[in-house]
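Peer 1: Just to be clear, the model below is a prediction. Sequence and coordinates:
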Amino acid sequence: MQDWPSGYGKRVLAEVDSTNAEAARIAASLTGPEWILGLRQTKGRGRRGRPWNDPAGNFAATLVMRPVETPDQIALRSFVASLALYDAFVAVSGRPDAFALKWPNDVLLNGGKVAGILLESAGAVGGGMSHLSIGIGVNLVSAPEPENVEAGATHPVALLSETGAAVTPEEFLNALALSYDRYETQFSTYGFAPIREAWLARAARLGEVITARTSRDETVGTFETVDTSGNLVLKTPQGYVAIPAADVFF
Ligand SMILES: O=C(O)CCCC[C@@H]1SC[C@@H]2NC(=O)N[C@@H]21
């Protein structure tokens, strides 16, 4: 069986500040997409400027690439990466029913957050995008204490304690790189439609009332779908609302 997808580079770093920061440093010299795995991360970053702590044994990696599509298309790789993460979890644990996807791109295990994704990009001189970094953090062996996460946020869990699966970061990277390559091929060949369908089939709380919060406002409504642009669509008493970016609370 293939254990690494062709066309992808790999760097394994014993210690790094943040694999996303490293991705930005090497982006200009890339000759193809590259995975960067940090076995220790000292300054990991999460969504919305939050820190991301990485005890040894957890997974911290970034896929950095130089895509050529429009920024809107490029951002849809958040869904490509979520699906790849879901499949990697199933490959290492054999437990498809235990996992679900939380919009925009968290992975839940038995209802708790086991993984998060941070997309970062930079523009090129003269327009367009110079690189996209897809940073992925997975609680393989330990999860932060609940008091260290934002009030009301999904409680964190670890793969090991929830499933008994003891997986090293290197093993997880191999599973993830293979599943990412499969979904990337699907995305570049057929576009967002099949990715969206597959994502919705694994979505947490579809059809239920949820809350989407931004720094400016809060929308409560029934989670109807994710639209063809990747927006969260909530049905509210005022009508349908499409939300491009927010934190979701159950
Ligand atoms: O807030 C989230 O849910 C996203 C967390 C993303 C963390 C990962 S760990 C690897 C990569 N490097 C970083 O500094 N952050 C991402």
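Peer 2: That came through fine.
Peer 1: wait, what's in contact with L178?
Peer 2: L178 makes contacts with 2-5, 88, 91, as judged by C-beta atoms under 8 Å, 6 or more residues apart in numbering. Every C-beta, even on glycine, is put in place using the N, C-alpha and C of the backbone.
Peer 1: Of these - the most surrounded one?
Peer 2: For those, neighbours were counted by other C-beta atoms under 10 Å; the highest total belongs to A88, with 27 neighbours.
Peer 1: which parts of the helix or strand hosting that residue are buried?
Peer 2: Using DSSP states H and E, A88 maps to helix 77-93. For helix 77-93, burial by neighbour count (16 or more other C-beta atoms under 10 Å) applies to 77-93.
Peer 1: Specify which member of the contacts of L178 is nearest to the ligand.
Peer 2: A88 (14.3 Å; C-beta to the nearest ligand atom).
Peer 1: A175 is in contact with the closest one, correct?
Peer 2: Yes - in terms of C-beta atoms under 8 Å, A88 counts as a neighbour of A175; the distance is 4.1 Å.
Peer 1: After the top helix by length along the chain, heading C-terminal, what element do we hit next?
Peer 2: The longest helix of the chain (DSSP state H) is helix 169-190. Next along the chain after helix 169-190, taking DSSP H and E as the criterion, comes helix 192-201.
Peer 1: Show residues contacting that next one.
Peer 2: 73, 76, 79-80, 82-83, 101, 183, 186-187, 206, 225-226, 228, 230.
Peer 1: And D87, how far from I195?
Peer 2: 12 Å (C-beta to C-beta, to the nearest Å).
Peer 1: before we move on, what about D247?
Peer 2: For D247 relative to I195 (C-beta to C-beta), the value is 22 Å.
Peer 1: For the longest helix of the chain, buried residues please.
Peer 2: Neighbour-count burial for helix 169-190 flags 169, 171-181, 183-184, 186-187 (criterion: 16+ other C-beta under 10 Å).
Peer 1: Just the terminal-to-terminal distance for stretch 104-118.
Peer 2: 10 Å (C-alpha to C-alpha, to the nearest Å).
Peer 1: Now do it: distance to the chain's middle.
Peer 2: Chain-centre distance of stretch 104-118: 8 Å, with C-alpha atoms, centre = their mean, to the nearest Å.
Peer 1: Equivalent analysis for stretch 68-83, please.
Peer 2: Mean-position distance between stretch 68-83 and its chain equals 11 Å (C-alpha atoms, centre = their mean).
Peer 1: And stretch 182-191, by the same measure?
Peer 2: Relative to its parent chain, stretch 182-191 has a centroid offset of 17 Å by C-alpha atoms, centre = their mean.
Peer 1: Stretch 197-215 now?
Peer 2: That offset, for stretch 197-215, works out to 15 Å (C-alpha atoms, centre = their mean).
Peer 1: I'd like the mean pLDDT over it, please.
Peer 2: Average pLDDT, stretch 197-215: 96.
Peer 1: Tell me which residues of that stretch come out buried.
Peer 2: For stretch 197-215, by 16+ other C-beta under 10 Å, it's 198-199, 202-204, 206, 210, 212.
Peer 1: and of those, the nearest to V157?
Peer 2: A204 (13.4 Å; C-beta to C-beta).
Peer 1: pretty sure the closest one is touching A98, no?
Peer 2: No - A204 is beyond contact range of A98, at 11.8 Å (criterion: C-beta under 8 Å).
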